[in-house]
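Chemist: Okay, sequence plus prediction incoming.
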Amino acid sequence: LNEAIRELSMGDIVLQRNLKEGDWYWLEEKDRKSVYVYRGEAQNGLCHFIHADSGVDRFVNYHEPNDLKCKRYIPVGESIVRAQKAYMNLELHHGHKFKYNAFMEFSFLRPAL
């Protein structure tokens, strides 16, 4: 299940000119994949990323040939957890059932998964 959620959270490959400051991206090298937050272009022309979990800085050179892929991050897992929390909150506090197709935070997840 974790692997399926991970695969669903990987979007299309993103080129350097399409990176947006503050957005989250998967950086994929060979067999390693991690989520990073894009912080903008550094003074030396490198792309500045910060690891989402550890906060470690990483600078990427898009002009250098390598096996690095940058993919858009889609918050699938977070949305499922938020829906589960909302379901539990409504069920416990109000005695009503919550329908999972009512995602409010991410408009693209409003249809049923």
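Modeler: Arrived safely.
Chemist: isn't Phe49 right up against Glu41?
Modeler: No - Phe49 sits out of contact with Glu41 when judged by CB atoms under 8 Å, with a separation of 10.9 Å. For glycine as for every other residue, the C-beta is placed from the backbone atoms N, C-alpha and C.
Chemist: Helix or strand, whichever it is, which one in this structure has the lowest mean pLDDT?
Modeler: helix 76-94 (a mean of 61; mean pLDDT, DSSP states H and E).
Chemist: Might you list the low-confidence residue ranges for the chain?
Modeler: For the chain, applying pLDDT under 70 flags the ranges 1, 65, 78-113.
Chemist: Recalculate using a threshold of 50.
Modeler: Counting by pLDDT under 50, the chain contains low-confidence residues at 92, 100-103, 112-113.
Chemist: Show me which strand runs longest in it.
Modeler: strand 32-41 (DSSP state E).
Chemist: Can you give the contact residues for the helix or strand following that one?
Modeler: Using DSSP states H and E, the next helix or strand after strand 32-41 towards the C-terminus is strand 47-51. Outside of strand 47-51, the residues that reach it under the criterion CB atoms under 8 Å, 6 or more residues apart in numbering are 16, 19, 25, 27, 34-42, 56-62.
Chemist: what are the pairing partners of the first helix or strand past strand 47-51 going along the chain, and which direction each?
Modeler: The first helix or strand that comes after strand 47-51 along the chain, using DSSP H and E, is strand 57-60. Within its sheet, strand 57-60 is paired with strand 47-51 (antiparallel), according to DSSP bridges.
Chemist: between the partner strand and strand 32-41, how big is the angle?
Modeler: Angle of strand 47-51 versus strand 32-41, following axes from the mean of the first three to the mean of the last three CA atoms, to 10 degrees, is 130 degrees.
Chemist: Need the CA coordinates for strand 47-51. CSV is fine.
Modeler: Coordinates of the C-alpha atoms in strand 47-51 are reproduced here as CSV (Å, rounded to 0.1, in the frame of the first residue of the first chain):
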residue,chain,number,x,y,z
CYS,A,47,18.7,25.0,-8.2
HIS,A,48,18.4,25.1,-4.4
PHE,A,49,16.3,22.4,-2.8
ILE,A,50,15.7,21.5,0.8
HIS,A,51,14.9,18.0,1.9
